[in-house]
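**Q** dropping the sequence and predicted coords here.
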Amino acid sequence: MKNFKIAVVVGSLRADSLNRKAAKALIALAPNNLSFEFVEIGDLPHYNEDVEAAGTQAAWESFRAQVKSADAVLFATPEYNRSVPGALKNAIDVGSRPYGQSAWAKKPAAIISVSPGALGAFGANHHLRQSLVFLDMPILQQPEAYIGGGGKLFGDDGGLQSDDTKAFFKTFIDAFADWISRTAN
């Protein structure tokens, strides 16, 4: 069985982020052939083509190198104003530049979105999918993962409290592993 390195990009910057907890819960359930590296987005300067033309920001280059070194990407995002958080959109833009040299291209991806509300960040999940299609990232279609009621999912240790949720997370991460094995270059 081939091993794959997965970049984990969390859209929330909060230390106690529900989406970071969800990503960690998925990692705990993942098959042994997947290894994970969180790629942090909080300190990325806003993308500005003029700055790029003058000389690339070191933070941008480091971020791009982390993404490029991965075989696939797991996104975990909340929803802000029916879309992705600004920091996540900025990270997508940084990784996609310079034009024609996208760090994202051809990397299999999966999206999980978690919110305290009932909709499970459905809007953010689908807005992110639109960007990933343009970036030429084959996206896991099923199962879809819009997780509502996120504030009640995790115990004090950060682990999942419900066996049903744990079973769904296991199904999701196993499907992603299969997707990666079929689509990774």
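**A** Received it, and whenever you're ready, just let me know what you need.
**Q** please count neighbours and contacts with C-alpha atoms only from this point.
**A** Noted.
**Q** how about K2, secondary structure?
**A** coil (DSSP: H, G, I helix; E, B strand; the rest coil).
**Q** ditto for the one 5 residues further on
**A** Secondary structure for A7, judged by three-state DSSP, is strand.
**Q** isn't it up against A76?
**A** No. Applying C-alpha atoms under 8 Å as the test, A7 and A76 come out as separate, 11.0 Å apart.
**Q** let me see the contact set for the residue positioned nearest the centre of the chain.
**A** Centrality entry for the chain: nearest residue to the mean C-alpha point is F75, 1.1 Å, by C-alpha atoms, centre = their mean. If you count contacts by C-alpha atoms under 8 Å, 6 or more residues apart in numbering, F75 has them with 8-11, 109-112.
**Q** then the lowest-mean-pLDDT helix or strand in the chain to CSV, C-alphas only?
**A** Least confident element among the helices and strands of the chain, by mean pLDDT, DSSP states H and E: helix 49-54 (a mean of 90). Provided in CSV are the C-alpha atoms of helix 49-54 (Å, rounded to 0.1, in the frame of the first residue of the first chain):
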residue,chain,number,x,y,z
GLU,A,49,0.8,40.9,-7.2
ASP,A,50,2.9,44.1,-6.9
VAL,A,51,4.7,42.6,-3.9
GLU,A,52,5.2,39.3,-5.8
ALA,A,53,6.7,41.2,-8.8
ALA,A,54,9.1,43.0,-6.4
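**Q** which residues touch that helix?
**A** Residues contacting helix 49-54 (C-alpha under 8 Å, 6+ apart): 57, 98.
**Q** make 417 the starting number, not 1.
**A** Sure, I'll start numbering at 417, so the last one becomes helix 465-470.
**Q** and the helix or strand following it, how far out from the chain middle?
**A** Using DSSP states H and E, the next helix or strand after helix 465-470 towards the C-terminus is helix 474-484. Taking C-alpha atoms, centre = their mean, to the nearest Å, the mean C-alpha location of helix 474-484 is offset from the chain mean by 15 Å.
**Q** how about stretch 504-522?
**A** Using C-alpha atoms, centre = their mean, the offset of stretch 504-522 from its chain centre is 14 Å.
**Q** residues of that stretch that come out buried?
**A** 504-513, 518-522 (16 or more other C-alpha atoms under 10 Å).
**Q** of these, which is the nearest to S433?
**A** L504 (13.9 Å; C-alpha to C-alpha).
**Q** OK, contacts around the closest one?
**A** 426-428, 457.
**Q** what helix or strand is it on?
**A** Per DSSP H and E: helix 502-511 holds L504.
**Q** between helix 474-484 and that helix, find me the angle.
**A** For helix 502-511 against helix 474-484, the angle by axes from the mean of the first three to the mean of the last three C-alpha atoms, to 10 degrees is 80 degrees.
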